[in-house]
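>>> Fold the following and give me the result.
(one chain, ligands or ions: 1)
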Amino acid sequence: MPSIFTQIINKEIPCYKIAETDQFIAFLDINPNAKGHTLCVPKQEINKIFDMSEKLYLDLMCFSREVAIALEKTVPCKRVGVSVIGLEVPHVHVHLIPLNDMKQMTFQHKETQSEGELNALAKQIANNLV
Ligand code: AMP
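The predicted model follows:
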């Protein structure tokens, strides 16, 4: 069974897309810790981040950095936090979380945003990509 992120990559289920390349996609997390919480995902379905080739790992970090810079331009925050977990979705993804408070890194504090707000935010972040 393909992961939920592979289904997003294959356009079988929708997402609030921010960026896409041949190898990676970035979209908003549907259950965000903070406004702008973004996931950067390799299209190749690999379970654990340190099982990736060194090249793909470094390319994912470069892609995540570009998205994080656009995110920080868009969402007022002290800094963008980075986390890699994968306990819920076993397909590599880098969480980028605009932070004002440590509790936003706990994955227990959640924000509620409407579909319209999420759509608008994804477009604003995309517009700030260089
Ligand atoms: P983890 O695997 O523990 O790193 O967490 C997976 C993350 O994926 C969680 O923050 C979920 O809210 C997020 N997530 C799960 N399904 C979707 C989806 N369809 N679109 C966007 N984010 C999702």
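>>> Can you tell me which residue sits nearest the middle of this structure?
Taking Cα atoms, centre = their mean, the centroid of the chain lies closest to Leu39, which sits 1.2 Å from it.
>>> quick one: contacts for that residue?
Phe5, Ala26, Phe27, Leu28, Asp29, His93, Val94, His95, Leu96 (Cβ atoms under 8 Å, 6 or more residues apart in numbering). Using the backbone N, CA and C atoms, a C-beta is placed for each residue, glycine as well.
>>> And the lengthiest helix in the chain, what's buried?
For the chain, the longest helix by residue count, based on DSSP state H, is helix 54-74. Residues of helix 54-74 classed as buried under the neighbour-count rule (16 or more other Cβ atoms under 10 Å) are 56-57, 59-60, 63-64, 66-68, 70-72, 74.
>>> before we move on, back to that, near the ligand, from the contacts of Leu39?
By Cβ under 6 Å from any ligand atom, the members of the contacts of Leu39 lying near the ligand are Phe27, Asp29.
>>> By neighbours, which of the contacts of Leu39 wins?
Within the contacts of Leu39, most neighbours by other Cβ atoms under 10 Å means Ala26, with 29 neighbours.
>>> with the contacts of Leu39 in mind, which one is nearest to Ile85?
Nearest to Ile85 among the contacts of Leu39 is His95, at 7.0 Å by Cβ to Cβ.
>>> Got the phi and psi for the closest one?
Dihedral pair for His95: phi -80, psi 130, per degrees, to the nearest 10.
>>> Same question for Thr38.
When read as degrees, to the nearest 10, the backbone of Thr38 gives phi -120, psi 150.
>>> what about the residue lying closest to Lys43 once chain neighbours are set aside, how many residues close to it?
Nearest residue to Lys43, sequence neighbours excluded (Cβ to Cβ, 6 or more residues apart in numbering): Ile9, at 5.2 Å. Residues contacting Ile9 under the criterion other Cβ under 10 Å number 22.
>>> ok, and what's touching the longest helix of the chain?
The contact list for helix 54-74 (Cβ under 8 Å, 6+ apart) reads 18-19, 21, 23-24, 26, 36, 38, 40, 42, 44, 46, 49-50, 52, 79-80, 82, 92, 94, 96, 98, 121, 124-126, 128-130.
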